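Peer 1: Make a model of this:
(2 chains)
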Amino acid sequence: MNFDYTFHWRPVIRKLPELLEASLVTLQISVLSMIIGIGIGLVLALLRMGGPKYLSWIATAWVETARNTPALFQLFFFSFGLGAFGLHLTPYFIVLAGLSFNNAGYLAENFRGGFQAVPDTQMRAARSLGMSATQAYTRIIIPQVFRIVYHPMTNQLVWAVLMSSLAMIVGFRELAGETQAQAFKTFRIFEYFAVTALIYYVMVKMILGISRLLSWRLFRY
Amino acid sequence: MIEIKELHKYFGALHVLKGIDLNVKKGEVLSIIGASGSGKSTLLYCINGLEAIQKGEVKVDGVSVHDKGTDLNKLRTKMGMVFQQWNSFPHLSALENVALAPRIVKGKSKSESREIARAQLEHVGLNDKIDVYPSALSGGQQQRLAIARALAMEPEYMLFDEATSALDPELVGEVLDTMRLLAEEGMTMICVTHEMGFARDVSDRVAYFHEGVMEEIGPPEQIFGKPESAHTAKFLANVR
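Peer 2: Residues are numbered from 1 along each chain as shown, chains lettered A, B, ... in the order given. Purely as a prediction, here's the structure:
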């Protein structure tokens, strides 16, 4: 096999500031989609565990769709799907909605598992000491659930960062979108995506590292 | 004083307590014995309102437990409960386990509640485990932690639900010793137990439960010496 491709890294290096700036956009939209996802996921989990029938059914449908269809298609729903009904979101909101939808679905199952993993007897013990239901939840149950879902939540953030690269397909200029735009200006496509892959790698490693440090501080038991 | 009148409890179609009448005076130690499923643990849960009742009444110091208007959270601070599964809070250190409820339920200051916790941990012999998390404690130590946690609320009554049943045999003694200590200090106690030695030596009265009915109640000499009920006699013959 003949290998006659010549690597040109300089155009990529020149555009590195743009790429790093775009990676901040990636981080920002991923974290935001996580915060929204945690909020909605918690509600979905509670609804699935004991909500009114219809709401619980909607929550189940949400979770099933988010977990069992391609994330890319979920993004398409918020762009072309809503577009077909005349509702046109900006690329930023398409990506934010798509990521949040997916995060909420996965996190809901993590939360549900977390709640089920805390024995009922913990609630009884708390109530027997005179704690109100709210006190028992906030002081006894939720801290234990949080510990159980902490690492799955970190994984979901990593997944959100990587999944956000799908944004380039709907024309949003986060890291992958920016890379694509720059790459096709210079046709140094391999070089651009190689460097970008490295940036993603470093970002994920940073998230995992920070998460681990934080867990040492948070959980001493 | 705890007054139980004509108490009936159902789990669905299952009639678990079939008209219990029982008074427990201040300072008294009552042991409840009987086979599994005889309703003795359920009675404890009814006394502190963790279970609803279908008929009858439970009064604690004159306050009806199952009355809609009753502030159960407040009433429960009078009654400490110790469970078969000791239920220590795994995310809190031993000290925090004990100090939490005095602070958030009774509104004591942080330093005051820690002082109370320290004193109660010493009371049950855990003064060297203050900063340890429950996962590093043995079953017997966790059960003593649970006793300290209940005592920190300065209850007037202590309810023990088979406090030693889930323990390894070699750990039973330390928990029974702690319970004996409380009895000597004059605590009012209702102990659902399978420890016949404890029931005989420590109790003022012993009640035998059989299929949701309080078959017999009396001083330990009567129950263990010459039981009036044939059921009681048969049960005791089997456990010995």
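Peer 1: what's in contact with the helix ranked longest in chain B?
Peer 2: Assignment by DSSP state H gives helix B:169-184 as the longest helix of chain B. Helix B:169-184 is contacted by residues B:29, B:123-125, B:138-141, B:143-144, B:147, B:151, B:158, B:160, B:163-164, B:167, B:189, B:191, B:195, B:198, B:201-202 when judged by C-beta atoms under 8 Å, 6 or more residues apart in numbering or on different chains. To be clear about C-beta, it is placed using only N, CA and C from the backbone, and glycine gets the same treatment.
Peer 1: same deal with stretch A:83-94?
Peer 2: A:Ile29, A:Leu75, A:Phe78, A:Ser79, A:Leu82, A:Ala97, A:Ala167, A:Val170, A:Gly171, A:Phe172.
Peer 1: quick check, nearest of these to chain B?
Peer 2: Nearest to chain B among those: A:Ile29, at 32.4 Å, using C-beta to the nearest C-beta.
Peer 1: correct me, but that closest one touches A:Ala97?
Peer 2: No: if you go by C-beta atoms under 8 Å, A:Ile29 and A:Ala97 don't touch, sitting 10.7 Å apart.
Peer 1: Tell me, please, where in chain A the pLDDT is lower than the cut-off.
Peer 2: Low-confidence segments of chain A (pLDDT under 70): A:1.
Peer 1: Tell me the residues on it that lie near chain B, please.
Peer 2: A:119, A:121-122, A:124-132, A:135, A:139-140, A:143-144, A:147, A:219-221 (C-beta under 8 Å from any C-beta of the partner chain).
Peer 1: Now, of these, which are buried?
Peer 2: Among the residues of chain A next to chain B, those scoring as buried are A:122, A:124-131, A:135, A:139-140, A:143-144, A:147 (criterion: 16 or more other C-beta atoms under 10 Å in any protein chain shown).
Peer 1: Farthest-apart pair in those, please.
Peer 2: Spanning the widest gap among these are A:Gly130 and A:Arg147, at 24.6 Å by C-beta to C-beta.
Peer 1: can you confirm B:Lys18 is in a strand?
Peer 2: Yes: counting by DSSP: H, G, I helix; E, B strand; the rest coil, one finds B:Lys18 located in a strand.
Peer 1: Tell me who's in contact with the nearest residue to it once chain neighbours are set aside.
Peer 2: In this structure, B:Lys18 finds its nearest non-sequential neighbour in B:Gly212, 4.2 Å apart by C-beta to C-beta, 6 or more residues apart in numbering or on different chains. Counting by C-beta under 8 Å, 6+ apart, B:Gly212 makes contact with B:His15, B:Val16, B:Leu17, B:Lys18, B:Ser38, B:Gly39.
Peer 1: let's go with 6 Å and repeat that
Peer 2: Contacts for B:Gly212 (C-beta atoms under 6 Å, 6 or more residues apart in numbering or on different chains) come out as B:Val16, B:Leu17, B:Lys18, B:Gly39.
Peer 1: one step back: and which of the contacts of stretch A:83-94 is nearest to B:Asp71?
Peer 2: The closest of the contacts of stretch A:83-94, once distances to B:Asp71 are taken by C-beta to C-beta, is A:Ala97, at 45.7 Å.
Peer 1: my guess is that closest one contacts A:Phe76, does it?
Peer 2: No: with contact defined as C-beta atoms under 6 Å, A:Ala97 and A:Phe76 do not form a contacting pair (11.6 Å).
Peer 1: Please name every helix or strand in contact with the helix or strand where A:Val161 lies.
Peer 2: Counting by DSSP states H and E, the element that carries A:Val161 is helix A:142-163. If you count contacts as 3 or more C-beta pairs under 6 Å, 6 or more residues apart in numbering or on different chains; DSSP states H and E, helix A:142-163 packs onto helix A:16-50, helix A:91-117, helix A:189-218.
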